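[1] give me coordinates for this.
(chains A, B, C and D)
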4 protein chains.
Amino acid sequence: MQLGLVGLGRMGGNMRERLRAAGHEVVGFDRDPALSDVASLTELAEKLQAPRAVWVMVPAGVTDATIDTLAESLGDGDIVIDGGNSRFSDDAPRAERLATRGIGYLDVGVSGGVWGRQNGYGLMVGGSDEHVARLMPIFSALKPAGEFGFVHAGPVGAGHYAKMVHNGIEYGLMHAYAEGYELLTASELVTDVPGVVKAWRDGTVVQSWLLDLLDRALEADPELTELSGWTEDTGEGRWTVDEGVRLAVPLHVISAALFARFASRQDDSPAMKAVSALRQQFGGHAVHKR
Amino acid sequence: MQLGLVGLGRMGGNMRERLRAAGHEVVGFDRDPALSDVASLTELAEKLQAPRAVWVMVPAGVTDATIDTLAESLGDGDIVIDGGNSRFSDDAPRAERLATRGIGYLDVGVSGGVWGRQNGYGLMVGGSDEHVARLMPIFSALKPAGEFGFVHAGPVGAGHYAKMVHNGIEYGLMHAYAEGYELLTASELVTDVPGVVKAWRDGTVVQSWLLDLLDRALEADPELTELSGWTEDTGEGRWTVDEGVRLAVPLHVISAALFARFASRQDDSPAMKAVSALRQQFGGHAVHKR
Amino acid sequence: MQLGLVGLGRMGGNMRERLRAAGHEVVGFDRDPALSDVASLTELAEKLQAPRAVWVMVPAGVTDATIDTLAESLGDGDIVIDGGNSRFSDDAPRAERLATRGIGYLDVGVSGGVWGRQNGYGLMVGGSDEHVARLMPIFSALKPAGEFGFVHAGPVGAGHYAKMVHNGIEYGLMHAYAEGYELLTASELVTDVPGVVKAWRDGTVVQSWLLDLLDRALEADPELTELSGWTEDTGEGRWTVDEGVRLAVPLHVISAALFARFASRQDDSPAMKAVSALRQQFGGHAVHKR
Amino acid sequence: MQLGLVGLGRMGGNMRERLRAAGHEVVGFDRDPALSDVASLTELAEKLQAPRAVWVMVPAGVTDATIDTLAESLGDGDIVIDGGNSRFSDDAPRAERLATRGIGYLDVGVSGGVWGRQNGYGLMVGGSDEHVARLMPIFSALKPAGEFGFVHAGPVGAGHYAKMVHNGIEYGLMHAYAEGYELLTASELVTDVPGVVKAWRDGTVVQSWLLDLLDRALEADPELTELSGWTEDTGEGRWTVDEGVRLAVPLHVISAALFARFASRQDDSPAMKAVSALRQQFGGHAVHKR
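    All right, here's what the predicted structure looks like:
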């Protein structure tokens, strides 16, 4: 089928290729003319036959502005799909704004990163049955072959919600491996840490795709000497903890993984300086001065 | 090759079958005569040609006693392999005791649970190069096909150490999935929780064997209504946290997963009663009486 | 000086008495006529000479509605003080609404609970220097004698912010005592747990007012048998964690204390059922059925 | 009464002064002749009339060696008191060794740090009623005036156990304040962070001696610019977590405080480098290189 695709960066560009390889007709727009098939969102809308479907794959910060501009060129019966990393709570207001013009809306959490083009993308979709049905050919092309990798998770918002939880889990999984890895490196007994990680890839309870990637990283750099421990976070982890707090769901593990990333970016935290100050005060403990 | 195998329970029994299927000659002993190939450890030793190799696969609590009894029937050049869930710190003393009789020792962390017979067992081995080389035909038969699933992790103790860390990571992984699962169930938006879990099995960052098992469990019981949240722990998680404490490795995630299991077994914890008591004292807050 | 006081419940009623004992003229209003000095907010405004100061001490859920109604009877030069448990982010919008009518605004975090009438209330104030100066006679009467117990923490919002952090810390402090208390009760060695708590009240690093209260609770009920561990939370702990997440401040301790309260209210959490399900799947571990 | 006192460092020296001020006769020994009243442990024993009581106040690492040497000069009916930071599990074996010579043993957890000489020391004592009774004059002189500050917590070991838990709680308390302090410093609203801390010292739920000390530290250095966040730990926190693990007591808060100290001493942790490596692998995320 025909699909408009707005945003042709690392993710969008790869998705365009996967869709075209599956026989779909993709009209892509990007601010970078070198990547773009059309000159403007208006031209993109003109190139598509109504009822149109336009997939928006832009950074979360510009999604609303992009969709609002795009909507001016769309009309009754068209559908906008947001596949970016929007916060789930932005979906319902966005759907309502589009609905006033008769435009439908689907939110899609897209997983898979740089591996998606080859392996397929995990898709978590929120929206109405009717809208999901219309986009199924596209979803089928993007998702991995086989029975997994796609879910219609619920009404508008549910797709990004499921993706948010996916990423929250990812924080916890990564940190569990990271803690175990550090303990192996600290052990006086284990002499082949990369070998242990590699061995775990089959026949064990901890085998996973993330573990495969850790092995891959250790193949390239067996002591990770090229990397620093300074680690970014990208929003979904924070939203997950906010949701745990809102819904009274204990998230000891996911929050600990998030907080460890925060701490990795601090050279000298005010909190630990306060601990030092207290130790000095009550115990006369020698403390580190700056 | 020939192998003595002591302990033919769920794990040992399956291993015997996998080894025999690979063409090895296994002489098994179990306290249960219905399972056993021989009547005693003495008879087991007699049935094997020197230099012998005897794999011990018994509960951690009786490993030392079993090995000490077994050693009386073994001699110079024989090897004992402990494939049970021993604490790594028990390995070196055990190896020293056996060495006084000229008996070698390997410690093997075995992963794979009930799935190992079919898929192969992940093996993490500690001991000398010479001893490992002698047992390689057995290890090759037990491990999964392919390049993964086996590591000679270091000297005596390193095998159980790597297995301990494996299990510590497993605690963290399971709890990360568990927290995410609970958040999905708490969400007002996600209407198909089992569907989300199933979708994650391909194309996502969180895909793993444990996730496959969670999907399998939800297929059988979509809301886990048959299960209670009361959850046991089996030692390795505790040892992992102890090692983190000893080696000053922060284990926020793994310890949180362990403590959550402890808490799952408490109806009414003294700690939370103390919190209730304090709230009542300072704020006149209404509290729950028993 | 003259003060209008809206809300004469446990906190407001005690504050009225402390203010009157200090010689101030308090005109109180409460929905309950038995507590109220006047019949309506309108009458309250009439009884006060301009420029008026009216302190609002009502549950957080009705603060905005109360202030909006009250503002209709107030005018240019008057001041509204919110001493309730508002979220700090509500203060600036509220101040802006009042400012359109020339009405000033102060936000005051009030600590001290049921003990405040006798000991004085800890006050954390947000607002302009001018407004704080006008209310200082009231603050001086409410705060404890001595040099502590009052701070002008910053502009509008800072008072409730400081109170929020105070309560977040309180969660952590209470849980630290609670964990230590549980460990004492679990010990095979300590035979006099209440005696240990009582001893800690002087000469130790852990002495505090909260510890005094724990001793008081144990005097009344040495094993806390009358209490359940089911523990409520009241908003500030959640807001504190939300702020840590927003500002990338690691809050391992405060979040753990909050999550432990969430968990105390769950009989059988979905998360722990998922852990049970996974253990059953991979290990054939016996698990608890409902 | 007469007391031998071994170890006249910061703690022991202050205790000697407090005891002498209370009228007791203290014969002190220290390896440093400038501090010592006698030239050797033998001479110390000779100066005391039987039945003797000798208080040992030396670093935990040399306690057993000191007591074993001392015991050679003591005899039937004498008592040794260990007031150092021994691990509780060392007490019973030590008591048994001394008992073979007829020497009694008390373990005493001593709190109060550099403030104890003036304010009195919090004392937590383990041992028999008879031995405690004999030392009561000494305990009474060391403890603070008033009804608190002393407990006979249980049999041998219970004193150090209670002190260990005291210190574990202290880790949690300090970290709760530290997290709150950091959040205040991160806030855009709070302009007077030291003022908030000072205000909390009275009329609030978080008032405590530790908070007094934090205010004292901020008086001297309002932004703690002189201190680094590198923070040591001294054993009791680790032992507390070990006990939580052994006794299945969830210690989310105390362990988090301990792990945060571990992390404060890491510039670049292997765990966070592993997280960086994984992010780079699956997402092509830009990561920090060293």
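
[2] quick one, grab the pLDDT at the closest residue to chain D within the stretch 101-250 of chain A.
    With distances taken as CB to the nearest CB, the stretch 101-250 of chain A approaches chain D most closely at residue A:229, which sits 3.1 Å away. Yep, even glycine has a C-beta here, placed from its N, CA and C like the rest. At residue A:229, the predicted lDDT confidence score is 92.

[3] now the phi/psi pair for it, please.
    When read as degrees, to the nearest 10, the backbone of residue A:229 gives phi -90, psi 0.

[4] quick one: the longest strand along chain A near chain D?
    Among the segments of chain A that qualify as a strand by DSSP state E, the longest is strand A:104-111. No - remark: strand A:104-111 sits outside contact range of chain D, by CB under 8 Å from any CB of the partner chain, the gap being at least 9.3 Å.

[5] my read: residue A:57 touches residue A:6, true?
    Yes - under the criterion of CB atoms under 8 Å, residue A:57 makes contact with residue A:6 at 6.6 Å.

[6] need the overlap of contacts for those two.
    Taking CB atoms under 8 Å, 6 or more residues apart in numbering or on different chains as the contact rule, residue A:57 and residue A:6 both touch residue A:12.

[7] so how far is residue A:210 from the residue lying closest to residue A:212 once chain neighbours are set aside?
    Nearest in space to residue A:212, with sequence neighbours left out and distances taken as CB to CB, 6 or more residues apart in numbering or on different chains, is residue A:201 at 5.9 Å. Applying CB to CB, to the nearest Å, the value for residue A:201 to residue A:210 is 11 Å.

[8] again, but for residue A:69
    Per CB to CB, residue A:69 is found 38 Å from residue A:210.

[9] likewise residue A:258?
    The gap separating residue A:258 from residue A:210 is 17 Å, by CB to CB.

[10] helices of the stretch 51-200 of chain A, start to end?
    Counting by DSSP state H, counting those that start in this stretch, the stretch 51-200 of chain A has these helices, from start to end: A:63-71, A:91-99, A:116-119, A:129-142, A:158-186, A:193-199.

[11] count the residues that sit near residue A:229.
    25 (other CB atoms under 10 Å in any protein chain shown).

[12] what's the answer for residue A:36, then?
    For residue A:36, using other CB under 10 Å, the count is 17.

[13] contact residues of the stretch 1-150 of chain A facing chain B?
    Going by CB under 8 Å from any CB, the residues of the stretch 1-150 of chain A near chain B are A:88, A:111-113, A:116, A:119-124, A:126, A:143-144, A:146-150.

[14] just the buried ones from those residues?
    For the residues of the stretch 1-150 of chain A next to chain B, burial is judged from neighbour counts taken by 16 or more other CB atoms under 10 Å in any protein chain shown, and it is met by A:88, A:111-113, A:116, A:119-124, A:126, A:143-144, A:148-150.

[15] compare residue A:258 and residue A:210 (neighbour count), which wins?
    Under the neighbour definition other CB under 10 Å, residue A:258 and residue A:210 were set side by side, and residue A:258 has more, 27 against 22.

[16] any part of the helix or strand where that one lies near chain C?
    Residue A:258 belongs to helix A:252-264 when elements are defined using DSSP states H and E. Yes - applying CB under 8 Å from any CB, one finds that helix A:252-264 is in contact with chain C at A:252, A:255, A:256, A:258, A:259, A:260, A:262, A:263.

[17] using PDB, write out every CA atom in that helix.
    Once side chains and other backbone atoms are set aside, the C-alpha atoms of helix A:252-264 remain, and they are given as PDB (Å, rounded to 0.1, in the frame of the first residue of the first chain):
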ATOM      1  CA  HIS A 252      12.700  -1.100  43.100                       C
ATOM      2  CA  VAL A 253      14.700  -2.500  40.300                       C
ATOM      3  CA  ILE A 254      13.800  -0.200  37.400                       C
ATOM      4  CA  SER A 255      14.200   2.900  39.600                       C
ATOM      5  CA  ALA A 256      17.600   1.700  40.900                       C
ATOM      6  CA  ALA A 257      18.800   1.200  37.300                       C
ATOM      7  CA  LEU A 258      17.600   4.700  36.400                       C
ATOM      8  CA  PHE A 259      19.200   6.300  39.500                       C
ATOM      9  CA  ALA A 260      22.500   4.500  38.700                       C
ATOM     10  CA  ARG A 261      22.500   6.300  35.400                       C
ATOM     11  CA  PHE A 262      21.900   9.600  37.100                       C
ATOM     12  CA  ALA A 263      24.700   8.900  39.500                       C
ATOM     13  CA  SER A 264      27.100   7.900  36.600                       C
END
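
[18] report the buried residues of stretch A:247-261.
    By 16+ other CB under 10 Å, the buried positions in stretch A:247-261 come out as A:248-261.

[19] show me how far that stretch is from its chain's centre.
    Once both centres are worked out by CA atoms, centre = their mean, to the nearest Å, stretch A:247-261 turns out to sit 18 Å from its chain's centre.

[20] show the contacting residues for the residue of the stretch 101-250 of chain A closest to chain D.
    The neighbours of residue A:229, taking CB under 8 Å, 6+ apart as the test, are A:264, D:266, D:267, D:268, D:269, D:270, D:271, D:272, D:273, D:275, D:276.

[21] pick the one among those closest to residue C:84.
    Of all those, residue A:264 has the smallest distance to residue C:84: 38.2 Å, by CB to CB.

[22] how many neighbours does the closest one have?
    Summarising burial for residue A:264: neighbours were counted as other CB under 10 Å, giving 24.

[23] please apply the same query to the one 4 residues further on.
    Other residues lying near residue A:268 total 16 when counted by other CB under 10 Å.

[24] tell me how far it lies from residue D:260.
    Counting by CB to CB, the gap from residue A:268 to residue D:260 is 13 Å.

[25] can you add pLDDT and distance to chain B and give the buried residues of stretch A:247-261 back as JSON lines?
    Putting the buried residues of stretch A:247-261 into JSON lines (pLDDT from 0 to 100; distance: CB to the nearest CB, whole Å) gives the following:
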{"residue": "A:248", "pLDDT": "98", "distance to chain B": "8"}
{"residue": "A:249", "pLDDT": "98", "distance to chain B": "5"}
{"residue": "A:250", "pLDDT": "98", "distance to chain B": "7"}
{"residue": "A:251", "pLDDT": "98", "distance to chain B": "5"}
{"residue": "A:252", "pLDDT": "98", "distance to chain B": "4"}
{"residue": "A:253", "pLDDT": "98", "distance to chain B": "5"}
{"residue": "A:254", "pLDDT": "98", "distance to chain B": "5"}
{"residue": "A:255", "pLDDT": "98", "distance to chain B": "9"}
{"residue": "A:256", "pLDDT": "98", "distance to chain B": "4"}
{"residue": "A:257", "pLDDT": "98", "distance to chain B": "6"}
{"residue": "A:258", "pLDDT": "98", "distance to chain B": "10"}
{"residue": "A:259", "pLDDT": "98", "distance to chain B": "7"}
{"residue": "A:260", "pLDDT": "97", "distance to chain B": "6"}
{"residue": "A:261", "pLDDT": "97", "distance to chain B": "11"}
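
[26] from the residues you listed, which are also near chain D?
    Contacts with chain D are made by A:252, A:256, A:260, A:261 out of the buried residues of stretch A:247-261, judged by CB under 8 Å from any CB.

[27] mind saving the C-alpha coords of stretch A:33-43 as CSV?
    The C-alpha atoms that make up stretch A:33-43 are tabulated as CSV, following Å, rounded to 0.1, in the frame of the first residue of the first chain:
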residue,chain,number,x,y,z
PRO,A,33,16.5,17.5,1.1
ALA,A,34,19.2,14.9,0.4
LEU,A,35,17.0,12.3,2.2
SER,A,36,13.6,13.5,1.1
ASP,A,37,11.4,12.3,-1.7
VAL,A,38,9.3,15.5,-1.6
ALA,A,39,9.9,19.1,-0.9
SER,A,40,7.3,19.7,1.8
LEU,A,41,4.6,18.1,3.9
THR,A,42,2.1,19.7,1.5
GLU,A,43,3.7,17.9,-1.4
